[in-house]
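Q: Got a predicted structure here, sequence first:
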Amino acid sequence: MVDSQPIVAVTAGEPAGIGPELCAHLALRDWGVHPVVLGDAGLIESRLGPLDRKLRVREWQPGSVGEAGTLDVLHLPLARACHPGRVDAANAAHVLAMLDRATDGCMSGEFAAMVTAPVHKAVINEAGIAFSGHTEYLAERTGTPRVVMMLVGGGLRVALVTTHLPLSAVPAAITPAVLEDTLRILHRDLRARFGLEEPRILVAGLNPHAGEGGHMGREEIDIIEPVLARLRAEGMQLHGPLPADTVFVPHTLERGDAVLAMYHDQGLPVLKYASFGGGVNITLGLPIVRTSVDHGTALDLAGTGRADPGSLFAAMQLAVDIVGRGHG
Ligand SMILES: NC(=O)C1=CN([C@@H]2O[C@H](COP(=O)(O)OP(=O)(O)OC[C@H]3O[C@@H](n4cnc5c(N)ncnc54)[C@H](O)[C@@H]3O)[C@@H](O)[C@H]2O)C=CC1
Ligand SMILES: NCC(=O)COP(=O)(O)O
């Protein structure tokens, strides 16, 4: 029998975190796709909670067909036995092997999309591997020069110009070329992946009060406004630069379909306040579909069965919707 459903690869993430137990919950629903979890099959089986115990964990082989009540795991072995809540640099290569296998499978067409459970960025670095996040890692693995992180939840879409870098490095990273590429990717993917014909983008300033006319910083005048003017001339609907402290007030949000924040902690705290536990992180601009949870490894909850699968479910649903729309 041939697998007629698209396969969505789900990486289990940091083995000491909540990812492995959350992934198991996916097999309790019919998604209209075949979820295949990438991770250590024995570890995932050991983390099944009371609800999942009726599931059969099976090692997935390419070509095998999904079955109700079966959790298919593409087995990638741990380097060292893992205890919930205790990260171990010895397993960092195992975590990256999941990402590599999922990415390669998406690039080859074996998988229709990938959904990622959280990784622990610090422990990967402690293993001697420079790693700032899935976003940057997947860009490099797929040979994509520029990608955009966007989180979706609580009625908001928040994209970022810069992602995982020290705050002191942010101003220099916001160049006209980076901002223009980011806006083009965001505009294109809001159309292709979210079905918005004429997306309206609210662009935050970098400085307090969007620079207060140049008295509190000049990035708005020197960089942001000229880029917005150029792209508006092409027909893009861009508002800004808007003061970041008021871009999220309801009557401003009504004027846009997405907010573009200049840096991680300018945009994400608002999004997470509005939707933590149900939000989705999507990487725009990749040649593959990748969605992810809005939370981290929650080492404090690993192995307790108390972690909320809502964000992973939302990430899976968004991947399914995009695949269904045929605009991967
Ligand atoms: N997509 C990814 O791979 C992400 C990875 N991280 C990584 O996660 C690690 C820990 O980050 P933190 O800042 O501590 O954030 P965190 O999201 O892991 O934890 C923050 C708080 O939220 C709770 N929480 C998180 N997920 C939950 C869930 N599903 N259900 C119920 N409660 C939940 C935790 O128990 C904790 O109290 C870091 O190494 C960070 O780099 C963080 C965000 C995203
Ligand atoms: N705050 C978002 C986050 O850290 C997730 O990043 P990534 O691993 O998806 O690049």
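A: Arrived safely. Ligands and ions are numbered 1, 2, ... in the order given.
Q: Around Ala172, how many other residues sit close by?
A: Neighbour count of Ala172, defined by other CB atoms under 10 Å: 9. No exception for glycine: its C-beta is placed from N, CA and C like everyone else's.
Q: Just the pLDDT for the closest residue to Ala89 other than its chain neighbours.
A: In this structure, Ala89 finds its nearest non-sequential neighbour in Ala127, 3.9 Å apart by CB to CB, 6 or more residues apart in numbering. Looking at Ala127, its pLDDT stands at 98.
Q: Is Ala127 in contact with Asp88, as I believe?
A: No. Applying CB atoms under 8 Å, one finds Ala127 not in contact with Asp88, separated by 9.1 Å.
Q: Could you report the distance from Leu238 to ligand 2?
A: 24 Å (CB to the nearest ligand atom, to the nearest Å).
Q: Could you give the number of residues near that residue?
A: Counted with other CB under 10 Å, residues neighbouring Leu238 total 21.
Q: what are the phi and psi angles of it?
A: Leu238 adopts backbone torsions of phi -120, psi 130, taken as degrees, to the nearest 10.
Q: Enumerate every residue touching it.
A: Residues counted as contacts of Leu238 (CB atoms under 8 Å, 6 or more residues apart in numbering) are Leu183, Arg200, Ile201, Val203, Leu228, Leu231, Arg232.
Q: Is Arg101 in a helix, a strand, or coil?
A: Three-state assignment for Arg101 (DSSP: H, G, I helix; E, B strand; the rest coil): helix.
Q: Mind pulling the model confidence for it?
A: pLDDT recorded at Arg101 is 98.
Q: got a list of what it touches?
A: Listed by CB under 8 Å, 6+ apart, the contact set of Arg101 reads Ala9, Leu38, Leu74, Leu76.
Q: picking that back up, I'd like to know which of the contacts of Leu238 is nearest to Thr291.
A: Set against Thr291, the nearest of the contacts of Leu238 by CB to CB is Ile201 (20.4 Å).
Q: now the residue nearest to Ala89: how far from ligand 2?
A: In this view, Ala127 and ligand 2 are 16 Å apart by CB to the nearest ligand atom.
Q: Over to Leu138?
A: In this view, Leu138 and ligand 2 are 8 Å apart by CB to the nearest ligand atom.
Q: State the mean pLDDT of the helix or strand hosting that residue.
A: Leu138 belongs to helix 134-142 when assigned by DSSP states H and E. Helix 134-142 shows a mean pLDDT of 98.
Q: Any idea what Ala113 is bridged to?
A: Under DSSP bridges, the beta-bridge partners of Ala113 are Val8.
Q: mind listing what Glu219 touches?
A: Residues near Glu219 by CB under 8 Å, 6+ apart: Pro171, Ile174, Gly205, Leu206, Asn207, Gly211.
Q: Tell me the one among those residues nearest to Thr297.
A: Nearest to Thr297 out of the contacts of Glu219 is Ile174 (CB to CB; 29.2 Å).
Q: Over to the closest one: give its phi and psi.
A: According to degrees, to the nearest 10, Ile174 has phi -90, psi 90.
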